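>>> What follows is a protein structure lacking sequence information:
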DNA sequence: TTGTACGCGTTATCAC
DNA sequence: GTGATAACGCGTACAA
């Protein structure tokens, strides 16, 4: 027996029957395109509402070969950075009538790729990837599908389509320069497991490169794969402080403010005074910092601007406007009270 | 001129031509259903891969009248509670082959409803709503569409379909009982703008009800609509402490741990010692608390269990198994060092 | 301004 | 085990 629509599953045809017009007139009326007299349109809309008409996006998508779905993948949702970027983009897309299909890749390019392949079966209007490090086959898959793609949060000279972000390497250098200016001689870095967060690694590389070119010794590095970022910062800081006196760092650059806050507590526990005994620098100016008794020296990243700019550029591409391919936004080093000029 | 597929947009028909079999055999082979010899199937799969075949979900959805899309709406992504719930659910759905379409409602039932209506045009396999307070028309719309629906984070006796969460009213009572046992006489509550977070209001109601039935005066309430939760807690606490001495609260129950941390800093600034001068109680045991020098008295909510349980129940409904309609998970009051027995 | 014919890519059904 | 055919609901093209 042929499948039957459920009783209430109204379609254009039913509305057309009730309104005594052709199916096409209903379609036009509902889409708001020209070619229907106002009287008819109003009449049809009323009937559609009364019949609880729900359009079928699949049918429309099938014939138009596209959809109002936008794919967004971020490493996770716990990091406020990604929550902020997503929120600022979603506003733009939402009011433009798009729906977001979200993935969390956990920094795993295979997960990201598998998700992207599944999403491509829906012929999405656009795709947003975090960063510039992806599965080798992803770029081709997206190109082949012709899906406008935005890479956000990091920049590269060779984006899939368009990228909007900050130059993490340069940001790391900037922080190193700031430290050098203050006279810090033994730089440290605290982050998470190597290879996961490639942006953080880029910051570290830039940080180390600037110190190296100044003839200073290598950066002391400690990592923690603890899931709770505060605890991770605390643990890694404890590790980096462990060892003979005066061999430890005199300043630590953290993966982000959360880890830095954990580091602050570790320093207090270790009896170290900040900034007298050691300097602490965060990244990403997160919510928490606003209420700390000592303002944290950190780097303010333009997350909201990044989201809105990125969304705008992606929308432009979706509408066929070939805009720029690379937008690097500036970061701002915010000098707080957790660093100070060395004697 | 009829629209033409782009060169690379391969479809079943093309594969069938190359494989020298009928289109239906290809369809069966790709779906892994019975009725294709193993030799043929392997051959077809290889060709499909070589031709970069991407299935068209819209076409499938059109004929099957369903999809592998699951809608999830949460108030926002900044609150770790929702990030945690989403993450624990997504794992289950992802491995079951579903894709998540996400919305952030900003605690606005109209936004939630508009989003849900748009999503229904895709005939989603399931829908997840946060809480039990929705647009009056949403329940009907979901019922009519026959979409299995999970309400998470709060419970009700009359769920749309199935609900998994905690009893916020009871949790508030539990906290009040704890405070009464310790001898706190002047309860306070700090939250955000009234009417936004209905779960928080339920906790407040339960908290106040328990105190009322113990014959104690009304709960002192302060609110802040500041976006940064830490700052909100700080500001509202400052407000509640303002006033003649001994009229202020001797214990404050916060909307969550973030606001409580802001409150802690406000107390310190005001020269109040915690827990000697005032007690502080949070909610939701968030990441931050792990590194605080003084362990926060708070309520631990089973966020992960909630997500996995909810996902399981929704999957059951999607597969046609009518499971329970209401699951209330227990909360655990964690006594920290920010409260103590009163003299 | 309105209507008719056809096709989008896939799956259900039934025949072989 | 395999293939032919008819939908699924809607939009494009063109005729009226």
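Yep, that arrived. A quick note: this is a predicted structure, and the numbers were derived from the prediction, not measured.
>>> Find the nearest non-adjacent residue to residue A:30, please.
residue A:48 (6.2 Å; CB to CB, 6 or more residues apart in numbering or on different chains). Backbone N, C-alpha and C define where each C-beta goes, glycine included.
>>> Which helix or strand contains that neighbour?
Under the criterion of DSSP states H and E, residue A:48 resides in helix A:38-50.
>>> tell me which residues in that helix are buried?
Buried residues in helix A:38-50, counted by 16 or more other CB atoms under 10 Å in any protein chain shown: A:41, A:43-45, A:47-48.
>>> any chance of the residues you listed in CSV, with pLDDT and distance to DNA strand D too?
As requested, the buried residues of helix A:38-50 are arranged in CSV below (pLDDT from 0 to 100; distance: CB to the nearest atom of the strand, whole Å):
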residue, pLDDT, distance to DNA strand D
A:41, 90, 14
A:43, 91, 17
A:44, 93, 12
A:45, 93, 14
A:47, 92, 13
A:48, 93, 10
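>>> Show me which of these is closest to DNA strand C.
Nearest to DNA strand C among those: residue A:41, at 7.4 Å, using CB to the nearest atom of the strand.
>>> so the closest one sits right up against residue A:27, yeah?
No. The criterion here is CB atoms under 8 Å, and residue A:41 misses it with residue A:27 at 11.6 Å.
>>> from the stretch 151-300 of chain A, which residue is nearest to DNA strand C?
residue A:161 (22.9 Å).
>>> mind checking pLDDT for that residue?
In this model, residue A:161 is scored at 95, pLDDT.
>>> same thing with the one 5 residues further on?
In this prediction, residue A:166 carries a pLDDT score of 97.
>>> now do the one 10 residues further on
What the model reports for residue A:176 is a pLDDT of 98.
>>> Please, which helix or strand holds the residue nearest to it when sequence neighbours are not counted?
Once flanking residues are discounted, residue A:176 sits nearest to residue A:210: 3.4 Å by CB to CB, 6+ apart. Using DSSP H and E, residue A:210 falls within helix A:198-213.
>>> list the helices and strands that helix packs on?
strand A:149-154, helix A:168-182, strand A:187-191, strand A:251-254 (3 or more CB pairs under 8 Å, 6 or more residues apart in numbering or on different chains; DSSP states H and E).
>>> what's the angle between the helix or strand following the last one and helix A:198-213?
Once strand A:251-254 ends, the next helix or strand along the chain (criterion: DSSP H and E) is helix A:257-269. Note on geometry: by axes from the mean of the first three to the mean of the last three CA atoms, to 10 degrees, helix A:257-269 and helix A:198-213 are set 60 degrees apart in direction.
>>> Packing partners of helix A:257-269?
If you count contacts as 3+ CB pairs under 8 Å, 6+ apart, helix A:257-269 packs onto strand A:187-191, helix A:229-241, strand A:251-254, strand A:279-281.
>>> winner for burial among these?
With neighbours taken as mean count of other CB atoms under 10 Å in any protein chain shown, the helices and strands packed on helix A:257-269 reach their highest mean count in strand A:251-254, at a mean of 29.
>>> Just checking: what are the partner strands of that strand?
Its sheet considered, strand A:251-254 pairs with strand A:187-191 (parallel), strand A:279-281 (parallel) by DSSP bridges.
>>> Redo those as CSV? Include mean pLDDT.
Output for the strands paired with strand A:251-254, formatted as CSV (pLDDT from 0 to 100):
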stretch, mean pLDDT
strand A:187-191, 97
strand A:279-281, 98
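>>> Please convert the ones you listed to JSON lines, extending it with distance to residue B:102.
As requested, the strands paired with strand A:251-254 are exported to JSON lines (distance: least, CB to CB, whole Å):
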{"stretch": "strand A:187-191", "distance to residue B:102": "28"}
{"stretch": "strand A:279-281", "distance to residue B:102": "34"}
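>>> Tabulate these (JSON lines), appending distance to DNA strand D.
Output for these, formatted as JSON lines (distance: least, CB to the nearest atom of the strand, whole Å):
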{"stretch": "strand A:187-191", "distance to DNA strand D": "50"}
{"stretch": "strand A:279-281", "distance to DNA strand D": "54"}
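>>> and residue A:115, what element?
helix A:109-120.
>>> Quick check: next helix or strand after that helix?
strand A:126-130.
>>> Let me know the angle separating that next one from helix A:198-213.
Using the same axes, to 10 degrees: strand A:126-130 against helix A:198-213 is 40 degrees.
>>> Strand A:126-130 pairs with which strands, parallel or anti?
Applying DSSP bridges, one finds strand A:126-130 paired with strand A:69-74 (parallel), strand A:149-154 (parallel).
>>> Report the distance from the helix or strand that comes right after it to the chain centre.
Per DSSP H and E, the first helix or strand lying C-terminal to strand A:126-130 is helix A:138-145. Remark: helix A:138-145 is offset 20 Å from the chain centroid, using CA atoms, centre = their mean, to the nearest Å.
>>> Let's verify the residue nearest to residue A:188 when sequence neighbours are not counted: helix, strand, or coil?
Closest residue in space to residue A:188, ignoring its immediate chain neighbours: residue A:249 at 2.9 Å, by CB to CB, 6+ apart. What DSSP: H, G, I helix; E, B strand; the rest coil gives for residue A:249 is coil.
>>> If I follow the layout properly, residue A:249 ends up in contact with residue A:186?
Yes. Counting by CB under 8 Å, residue A:186 is a contact partner of residue A:249 at 4.8 Å.
>>> Now list whatever residues contact both of those two.
Shared between the contact lists of residue A:249 and residue A:186 (criterion: CB atoms under 8 Å, 6 or more residues apart in numbering or on different chains) are residues residue A:220.
>>> And these two? Which one has more around it.
Taking other CB atoms under 10 Å in any protein chain shown, residue A:249 and residue A:186 do not tie; residue A:249 has more neighbours (22 against 19).
>>> List the pairing partners of the helix or strand just after the helix holding residue A:210 within its sheet, with orientation.
Next helix or strand after helix A:198-213 toward the C-terminus (DSSP H and E): strand A:220-223. Applying DSSP bridges, strand A:220-223 is found paired with strand A:187-191 (parallel).
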